[in-house]
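**Q** What shape does this take:
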Amino acid sequence: MKDIITGGVYAVDLRGTEAYEFQGVHPALIVRMLKEEKMYYVVPLTTYTKERWDKCKKRGLEQG
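**A** A predicted model of the protein is given here:
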């Protein structure tokens with residue numbers, strides 16, 4: 001059996017430049033596409049409160 005990691009939660013700088021875009025570092029779910037292994041879906045988890053996000057960072061989320 002082959003184990004494949006296809007996703008995870010990371011700290012990602014989404015580099016938004018407009019007010020309606022995500023600016024700065026956010027927790028995000030990153031999932032690899034099944035048919036294109038070099039492409040990923042990135043889903044910002046914006047419902048995290050500041051306290052919850054700080055707790056995640058303390059647990060060692062990787063900067064992506």
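
**Q** Identify the bridge partners of the residue positioned nearest the centre of the chain.
**A** In the chain, the residue lying closest to the centroid (CA atoms, centre = their mean) is Ala28, at 2.2 Å. Beta bridges link Ala28 to Tyr10, Pro44, judged by DSSP bridges.

**Q** in the helix or strand of the chain with the lowest mean pLDDT, what's buried?
**A** The helix or strand of the chain with the lowest confidence, counting by mean pLDDT, DSSP states H and E, is helix 50-58 at a mean of 77. With burial defined by 16 or more other CB atoms under 10 Å, the residues of helix 50-58 counted as buried are Trp53. C-beta coordinates here come from the backbone N, C-alpha and C atoms, glycine included.

**Q** Show me how far that helix is from its chain's centre.
**A** 14 Å (CA atoms, centre = their mean, to the nearest Å).

**Q** pull the CA atoms of that helix into CSV?
**A** Extracted C-alpha coordinates of helix 50-58, given in CSV (Å, rounded to 0.1, in the frame of the first residue of the first chain):
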residue,chain,number,x,y,z
LYS,A,50,-7.4,36.0,15.8
GLU,A,51,-7.1,33.9,19.0
ARG,A,52,-7.7,30.6,17.1
TRP,A,53,-5.2,31.6,14.4
ASP,A,54,-2.6,32.4,17.0
LYS,A,55,-3.2,29.0,18.6
CYS,A,56,-2.6,27.3,15.2
LYS,A,57,0.6,29.2,14.7
LYS,A,58,1.9,28.1,18.1
